[in-house]
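K.L.:
need a structure here:
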Amino acid sequence: MTDLSAPIALLQQMDWHVWLAMFWYMVLLEVPRYTFSFVVVAGSEITGIGRRKGGVAQARQRVSVVIAGHNEAEAMRKCLRSLAEQTRRIDEIIAVDDGSTDGMREVLQELRRDGLIHIALCNQVRCGKAAACNLGMGIASGDIIVNVDADCSYDRDAIAKLLEPFADPRVGAACGNIGVRNAAASVVTSYQAVEYLVSISLGKRVLDMFDLVVCASGAFAAFRREALQQVGANVPGPGEDFDMTMRLRRAGWTIRFVGDSWCMTDVPDTLGALVRQRRRWDRDTIRIRLRKFRDVFTSSRGRFNAMETWEQVEFLFLNLIVTLIFPAYIGWLFFVFGADAWILLVAVGLIYTVLDAIAFSLAAIVSRRYDLRAITALLPYVVTYGFFNGYVMRTVRLWAYFEEWVFRTSYRDAYVPQRVLDVADRY
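P.N.:
Next comes the predicted model:
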């Protein structure tokens, strides 16, 4: 194969039977997932069927915001300014310094004197985000407790919109939409901006329609006090937001996604930092889903619930199995086609590109957040996002799964002090 016409000729020679045989991975495992999301969201936008409608949160509900950070003094200032501009008055803001060494304790005292926070707390030594949040939530007086990250900023109506689902007494938690604030910082952040728009603005919208939201992100989520009292505090260790959401769901509470309540965050700007973050997230997913909550598949156990089982099955087939089969599929291509397998892999990447372009366009429409300039700036990255996500990030996910299954690496995660992990429950 020495020129471009040869690969094209190879693909043109295939009839539909051969195409199906060559691209069975895409046809069986990828296209249905994309197509389902397209149909559901597009149908909902056109007909209005399936749209979730929030009520008006009761004025008498007291709202507390808890913000915990480690060595985030400057970020804390920016975040609190954002919270001070909210259209819905926040009754109580509690800031927790988790053993910082950058002068964050002094900054919090200054901000308290300026009236930007009501209570400032400090851990003398670092205990991890879960413990810091528990400290703040434990003394919060609100009927609704909102958990936010120090490195985020929020639209002026973000809190007001996030509270709307709590008009329904069945709702135990609600999570907002998350966008990338530093999208222009690097190629890596631009890819993440595309990913967040597709996976959160579009993906979580679909999950919300079917009551399948399983992670109220620690960056921006609100909890009903009654629900927290029922399931208990955050579990020490990484993945505390996912773990909390799973416990709330199994206690019978509804988790809502509020697509027009926006939080903007800074994401890792180098490939190395992104890989470290995603390895941690994916390891936590395996530990929590397939160890702690594995009994969801057992009908004889008290936790069995058909919807929860279906959600786990969806993860197994559309995430876990897709990831595990992909290297076998690549190996099969090279075994059967030799060097020509590269042509087929490029074709697979192009199919991803088409699907991602459709998903990105639909997400941009339904999110109603980004202007034309922002969307246009991301378009070059949409073209290659399929290759980046399909090959690079899937390899990272496979690596993380291997680490967790074989070495249980999540129990030695630097995100949480080891002395805390040593006393945390093991699964």
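
K.L.:
using PDB, list the CA coordinates for the lengthiest strand in the chain.
P.N.:
In the chain, assigned by DSSP state E, the strand with the most residues is strand 254-265. Below are the C-alpha coordinates for strand 254-265, written out as PDB (Å, rounded to 0.1, in the frame of the first residue of the first chain):
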ATOM      1  CA  THR A 254     -34.000   9.800  43.400                       C
ATOM      2  CA  ILE A 255     -30.900  11.500  41.900                       C
ATOM      3  CA  ARG A 256     -31.500  14.300  39.400                       C
ATOM      4  CA  PHE A 257     -29.300  16.000  36.800                       C
ATOM      5  CA  VAL A 258     -30.000  19.700  36.300                       C
ATOM      6  CA  GLY A 259     -28.600  20.500  32.800                       C
ATOM      7  CA  ASP A 260     -29.000  24.200  33.000                       C
ATOM      8  CA  SER A 261     -27.300  24.600  36.400                       C
ATOM      9  CA  TRP A 262     -23.700  25.300  35.300                       C
ATOM     10  CA  CYS A 263     -20.400  24.800  37.100                       C
ATOM     11  CA  MET A 264     -17.100  25.600  35.300                       C
ATOM     12  CA  THR A 265     -13.900  23.900  36.300                       C
END
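
K.L.:
mind showing which ranges of this structure have poor pLDDT?
P.N.:
Within the chain, the stretches with pLDDT under 70 are 1-31, 33, 38, 42-43, 45-59, 296-308.

K.L.:
strands of that one, start to end?
P.N.:
Going by DSSP E, the chain shows strands at 63-69, 92-98, 119-123, 144-149, 152-154, 171-180, 220-224, 254-265.

K.L.:
and for residue 124, the neighbour number?
P.N.:
By other Cβ atoms under 10 Å, the residues close to residue 124 number 8. Every residue, glycine included, has its C-beta placed from N, CA and C.

K.L.:
next up, the contacts around it.
P.N.:
Shown in contact with residue 124 (Cβ atoms under 8 Å, 6 or more residues apart in numbering): residue 99.

K.L.:
ok, longest helix in the protein?
P.N.:
helix 341-367 (DSSP state H).

K.L.:
buried ones in that one, by neighbour count?
P.N.:
For helix 341-367, burial by neighbour count (16 or more other Cβ atoms under 10 Å) applies to 341, 343-345, 347-349, 351-353, 355-356, 358-364, 366-367.

K.L.:
can you give me phi and psi for the closest residue to residue 314 other than its chain neighbours?
P.N.:
Spatially, and ignoring its direct neighbours in sequence, residue 314 is nearest to residue 212 (7.2 Å; Cβ to Cβ, 6 or more residues apart in numbering). Note on residue 212: backbone dihedrals following degrees, to the nearest 10 are phi -120, psi 20.

K.L.:
residue 212 - how many residues pack around it?
P.N.:
18.

K.L.:
one more: residue 125?
P.N.:
8.

K.L.:
isn't it right up against residue 99?
P.N.:
Yes: here residue 125 lies in contact with residue 99, judged by Cβ atoms under 8 Å, at a distance of 4.7 Å.

K.L.:
next, the contact list for residue 70, please.
P.N.:
Residue 70 touches 97-100, 104, 126, 129, 132, counting by Cβ under 8 Å, 6+ apart.

K.L.:
how many residues are close by residue 35?
P.N.:
Neighbours of residue 35 (other Cβ under 10 Å): 12.

K.L.:
on that earlier part again, got the angle for the longest helix of the chain vs strand 254-265?
P.N.:
For helix 341-367 against strand 254-265, the angle by axes from the mean of the first three to the mean of the last three Cα atoms, to 10 degrees is 100 degrees.

K.L.:
mind giving me the packing neighbours of helix 341-367?
P.N.:
Applying 3 or more Cβ pairs under 8 Å, 6 or more residues apart in numbering; DSSP states H and E, one finds that helix 341-367 contacts helix 5-12, helix 31-47, helix 321-337, helix 372-387.

K.L.:
chain center to it, what's the gap?
P.N.:
Distance of helix 341-367 from its chain centroid, counting by Cα atoms, centre = their mean, to the nearest Å, is 20 Å.

K.L.:
can you pull out the helices in the stretch 101-250 of the chain?
P.N.:
104-113, 129-139, 158-163, 187-196, 203-209, 225-231, 240-250 (DSSP state H, counting those that start in this stretch).

K.L.:
and the fourth one, how far from the chain's centre?
P.N.:
The reference is to helix 187-196. Distance, centroid of helix 187-196 to centroid of chain: 13 Å (Cα atoms, centre = their mean).

K.L.:
name the residues that touch it?
P.N.:
178-180, 182-184, 267-271, 274, 356, 360, 377-378, 381-382, 385, 388-389.

K.L.:
got it, and stretch 374-381?
P.N.:
183-184, 187, 190-191, 193-194, 197, 360, 364.

K.L.:
just stretch 83-94 next, same as before
P.N.:
In contact with stretch 83-94 (Cβ under 8 Å, 6+ apart) are residues 57, 62-67, 80, 116-119, 121, 136, 139-142, 146, 148, 154, 156-160, 163.

K.L.:
pull it out as PDB, backbone CA atoms only.
P.N.:
What follows is stretch 83-94, C-alpha atoms only, in PDB (Å, rounded to 0.1, in the frame of the first residue of the first chain):
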ATOM      1  CA  LEU A  83     -20.900  32.100  45.200                       C
ATOM      2  CA  ALA A  84     -21.400  35.700  46.500                       C
ATOM      3  CA  GLU A  85     -23.100  36.600  43.100                       C
ATOM      4  CA  GLN A  86     -25.700  33.900  43.200                       C
ATOM      5  CA  THR A  87     -29.300  35.000  42.600                       C
ATOM      6  CA  ARG A  88     -30.500  32.600  45.300                       C
ATOM      7  CA  ARG A  89     -29.200  33.800  48.700                       C
ATOM      8  CA  ILE A  90     -27.000  31.200  50.400                       C
ATOM      9  CA  ASP A  91     -27.800  31.000  54.100                       C
ATOM     10  CA  GLU A  92     -24.600  29.500  55.200                       C
ATOM     11  CA  ILE A  93     -21.200  29.000  53.600                       C
ATOM     12  CA  ILE A  94     -18.700  26.700  55.400                       C
END
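
K.L.:
TSV for the helices of the stretch 101-250 of the chain, including mean neighbour count and distance to residue 289?
P.N.:
Shown next, in TSV, are the helices of the stretch 101-250 of the chain (neighbours: other Cβ atoms under 10 Å; distance: least, Cβ to Cβ, whole Å):
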stretch	mean neighbour count	distance to residue 289
helix 104-113	18	34
helix 129-139	21	18
helix 158-163	24	26
helix 187-196	22	21
helix 203-209	21	15
helix 225-231	16	17
helix 240-250	22	8
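
K.L.:
output these as JSON lines; include the columns distance to residue 401.
P.N.:
Shown next, in JSON lines, are the helices of the stretch 101-250 of the chain (distance: least, Cβ to Cβ, whole Å):
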{"stretch": "helix 104-113", "distance to residue 401": "35"}
{"stretch": "helix 129-139", "distance to residue 401": "23"}
{"stretch": "helix 158-163", "distance to residue 401": "33"}
{"stretch": "helix 187-196", "distance to residue 401": "19"}
{"stretch": "helix 203-209", "distance to residue 401": "20"}
{"stretch": "helix 225-231", "distance to residue 401": "27"}
{"stretch": "helix 240-250", "distance to residue 401": "16"}
